[in-house]
Each structure stands twice: as C-alpha cells, then as structure tokens.
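>>> here are the coordinates; sequence isn't available:
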C-alpha cells in the first residue's frame, strides 16, 4: 500500500468500500480532488441547495445527487456514497450519534447527498509553486475561525462564515492570490488578508477548530472561506438526521485538481 | 432621456416600473450587469435550481428569491420583480399567453424568481479591449444555435445546450479567451472554438434563434454557452405557468460588470 499516492480514484474508492482504508485520506490519490460530504433529507435539500448558491465561496458545490441516488455520476463514476468514505459521522437532531465506516443501514430513499469542494485542491496548486503550507509543514490541522461575516441566509439555514487561515510571506502574496483566484470551485481567492480583528477574530492563536500554527516575521495571515461553514450552518438547524464525512476522511473524486482551474 | 446610458440602476428600475421605459434595455445603465429572468412555481424550483447547478456555464445564477418574495435583495436592493422589467412573457403549459409590462396580476405566493447572468457583461469587457462584437456592429441579435451537447439533467429538466456565436479574428483569440475566462458568472470561457459541425451545428448561416452575422476571412467562430438554454429547457417541461423577460428586455441589477470579474 506504499503507492496509494499514485493510485487512481476508483481503485481507492473500492479499497475504502472494502474497508482496506479506514482513515484519513490526506495524501491519497495525489492530484485528484477530494470533497466534503453533507447528506440531508429531501425536505431540507432545497433550502440547503439555495444556501450553497447564495454563499458560493464558503459552499462550492461539486455535485448533488438525485433524491435517493447513491452514485455521484459526474464526479465519481461507479461510486457508492454509503460505503466510499472511510469514516462517516451521523448526527440526529444536531447531536453526534456516532462514527461509522459505512452508512448502509442509515441510508433512506429521501436522502440527497452534496459534495463540496475543499481547500486540499488549492493547497496542492500552491505547493506546486513552492509556497509552503504551514499547517502541513507543522503536521497539524488547518486553523479555522468563526467570523463576524454573516452568510446570506436561505430558508432555515443561516449563520456566520467559518474561515481557514494560512500564513503567507508578503513577497508571495500576489502569487497566492493569483493562484487561488483560478479555483472558484474550491473557495477561490482569499476573503480577507491581514488584521484578524477586522473579521471578528479575537485571538489568532486560539482557532475555533483545528490547530494554531506559527506566523513568522514578514508573514501575513490570509483567510479563505472554509468548507466547514455549510456543515456548521446545517448543524445549527438540528436536522432530524444529517450525515457527513468524519474530519479528514474525504470523498475522493475522479476530477483532477488541475481540471478545477478555470484557466 | 438622452443620458440613460449613465443613470444608476435604481433610478432606471423606477422609470421601468412607472412605464417610462417600455422597451429594450440594451445600452441602458452602461457598466451594470443585466440579467435573464425565469419565474417558476415552488414545486419546480428545486429541480430547476439543481439544473442550474449542474449546468453552470449555460445557467450562471446571480440570485434566487425566497418563495413569494418580489425583491432581489442582494443584486437589486428595493427592486420589485413584478414591475421592474420593461416587458414580460407569460407562458401557460408551454404556450405563450402574452406579453405584459407588469405581472402584478399573475404573481403568486408560491413563485420563485431566478436571475441568470447574460453575455452583455463579457461583451462589454471585450469591447473595452477594442474587440469588435459583430452582431452589435451589424445591429442584429446574437446568433444562437441548438447544439448536440446534452445538458446534465435534473429531475424533470433536460435538453440540449444552446450556444451563442461571435466571430473573432485569430490574432485576438487568446485575448478573448482570457477575458471571458474571468467571468464565470456570465458564461465564462468559450465552450467551443472553430468547426461548428463538431457541436452539431449544420449551417452556421442559419441560427436557431437570433440573426446570422458575417464571418470575415481570418476569423473563427467562437461559441459560448447561452442563457437561452435554461428557458428553452424549462419550456420543454411545459410548466403550468412560467414567466420570463421578453427578449432584449432585461433585469437591470446594481452590480457593476467589473465586479463579476474574478480577478
């Protein structure tokens, strides 16, 4: 299993399905887009879909299944969303019921599944240009913060935007903005650069999720809309049932990272 | 009324509301985004929203109202969709019932209104760079063609992509691709360049909608996904009721064209 980095997605999904891979997908299938999962019953799906449309930067939608459909036909041919993620979280009325390696017994005919783009894609593009991603270097989770930026509400869904932060040397700032701008389907350009207090972050060393990372002299904190936003917002609503991936255990798609670059 | 080119959107919307402007919005409020309108009952809105998500290039969504809401809060503060378009078309079961200067008597509490980006925005950006837009020069409607490219279906909505065509001199092609790539919310980069037969167009001089334009020596036909696609697809479904703008009579938003450029 030493060369999982280079394997193709449908083989990896099969290994995950057969529980040969049960953990973090970080670094697996290098070069292919990984996505966040949200599954909700149909009666909440319209409002959630509208929420993603109104808050594209935080909720970059890669695909939505038909009602009751298990396959993501466009981004992952032959996939089965009830088995193809290493670890799932099932929430009932906003409370974590447990973590599961498949959700076959939970799946219902009225479920709609959403895959949302994640920052792994643009981090990969940044690293290709020699830009260091601090939390990766420090072997930590990316620091994430709840901001004072309100998402545009949609039906019952509303709440603040969550952002991720990466320290960037001032002299690489233009490059970083240019590169991430090319990826609107995975959060795109930063939403804020510099002073954290301007977006309601009181202590940059005390993230709401993930881990704190070092900001070196000559570096500026750069903030991107974060894929945790839609999960956090959905959680607020305390839906009767909601299923997500467990942190770090993502859905691996057939799309190459470079395909998401718009030029 | 000589300087309507330079007026601000909310003033123009008021003039339209009071029927001082009853016709084509082309050239009015220069620099501001104009959009296509589709109004559907709520029971079709989820599938239609999903269709736009699955076919972003043809259906670049700028805003969706809440159910029964008349104002586009984000892109046109203080607007009223029942009055702020010069001319509407009302379709019942797929048949044109008539054209109206307001739709106050048709509006229902279960209506959802969609504004979709239109190519006026990128045409404006192209002209700013000195690139001639042939149909504008020839004082015609842009030529549009039904292609053999199937849109990704969503629920009851399905059908072929409609494209618009603009002849571009070969030496300006790179510029044209770069500029339009920056505008993913108004169709973005071309979907095809050159040989029309490759996308199922039999006769370039016989468009399915709009007018034929001259293609000069040294020019290549360039094709963009067209905002007529979602209307054509919705029409196929023959919804009990559907309301759109009349051709050329667009919804004027508060957004500047340049704001839609992603960099």
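The structure has been received and is ready for your questions. This structure is a prediction, so every number in the text was calculated from the model and none was measured.

>>> For the lowest-mean-pLDDT helix or strand in chain A, name the packing helices and strands.
Across the helices and strands of chain A, the lowest-confidence element by mean pLDDT, DSSP states H and E is helix A:228-236, at a mean of 88. Packed against helix A:228-236 by the contact rule (3 or more CB pairs under 8 Å, 6 or more residues apart in numbering or on different chains; DSSP states H and E) you find strand A:32-41, helix A:42-54, strand A:160-169, strand A:241-245. For glycine as for every other residue, the C-beta is placed from the backbone atoms N, C-alpha and C.

>>> Show me how far it is from its chain's centre.
11 Å (CA atoms, centre = their mean, to the nearest Å).

>>> Quick one: closest of the helices and strands packed on helix A:228-236 to chain B.
Among those, helix A:42-54 comes nearest to chain B, with 4.4 Å by CB to the nearest CB.

>>> Number of residues surrounding the spatially closest residue to residue A:114 that is not a sequence neighbour?
Leaving out its chain neighbours, the residue that sits closest to residue A:114 by CB to CB, 6 or more residues apart in numbering or on different chains is residue A:38, at 4.6 Å. If you count neighbours by other CB atoms under 10 Å in any protein chain shown, residue A:38 ends up with 24.

>>> For beta bridges, what are the partners of residue A:38?
residue A:114, residue A:244 (DSSP bridges).

>>> Do you know the pLDDT at it?
Residue A:38 carries a pLDDT score of 96 in this model.

>>> How about the residues of the stretch 151-263 of chain A by chain B?
Proximity of the stretch 151-263 of chain A to chain B (CB under 8 Å from any CB of the partner chain) is limited to residues A:152, A:154, A:155, A:177, A:178, A:181, A:184, A:188, A:189, A:262, A:263.

>>> Tell me the confidence at the last one?
At residue A:263, the pLDDT value in this model is 80.

>>> OK, contacts around the spatially most central residue of chain A?
The centroid of chain A falls nearest to residue A:118 when counting by CA atoms, centre = their mean (3.5 Å). Neighbouring residues of residue A:118 by CB atoms under 8 Å, 6 or more residues apart in numbering or on different chains: A:34, A:35, A:36, A:186, A:227, A:250.

>>> and it, what are its phi and psi?
Backbone torsions of residue A:118, given as degrees, to the nearest 10, read phi -130, psi 160.

>>> Which residues belonging to stretch A:75-85 are considered buried?
In terms of neighbour count (16 or more other CB atoms under 10 Å in any protein chain shown), stretch A:75-85 has its buried residues at A:75, A:76, A:79, A:80, A:81, A:82, A:83, A:84, A:85.

>>> closest to chain B among the residues you listed?
Checking the buried residues of stretch A:75-85 one by one against chain B (CB to the nearest CB), the nearest turns out to be residue A:75, at 10.9 Å.

>>> The closest one - nearest residue in space that isn't next to it in sequence?
For residue A:75, the spatially nearest residue (CB to CB, 6+ apart) is residue A:253, at 4.3 Å.

>>> so how far is chain B from that neighbour?
15 Å (CB to the nearest CB, to the nearest Å).

>>> Which per-residue confidence value corresponds to that residue?
Taking residue A:253 on its own, its pLDDT is 97.

>>> Could I get the contacting residues of it?
A:9, A:32, A:33, A:34, A:35, A:62, A:72, A:75, A:76, A:115 are the contacts of residue A:253 under CB under 8 Å, 6+ apart.

>>> can we see that at 6 Å?
Contacts for residue A:253 (CB atoms under 6 Å, 6 or more residues apart in numbering or on different chains) come out as A:33, A:35, A:75, A:76.

>>> quick one, phi psi at the nearest residue to the last one once chain neighbours are set aside?
Looking back up the chat, that one is residue A:76. With CB to CB, 6+ apart as the criterion, residue A:76 has its nearest non-adjacent residue at 5.0 Å, and that residue is residue A:253. Dihedral pair for residue A:253: phi -100, psi 170, per degrees, to the nearest 10.

>>> Who are the packing partners of the helix or strand residue A:146 falls within?
Using DSSP states H and E, residue A:146 falls within strand A:144-150. Strand A:144-150 sits against strand A:160-169, with contacts defined as 3 or more CB pairs under 6 Å, 6 or more residues apart in numbering or on different chains; DSSP states H and E.

>>> now the next helix or strand after the strand it packs on, how far from the centre of its chain.
Using DSSP H and E, the helix or strand that follows strand A:160-169 in sequence is helix A:173-181. With CA atoms, centre = their mean as the basis, helix A:173-181 stands 20 Å off its chain's centre.

>>> Stretch A:181-191 too?
With CA atoms, centre = their mean, you get 13 Å for stretch A:181-191.

>>> can you check stretch A:218-230 too?
That offset, for stretch A:218-230, works out to 12 Å (CA atoms, centre = their mean).
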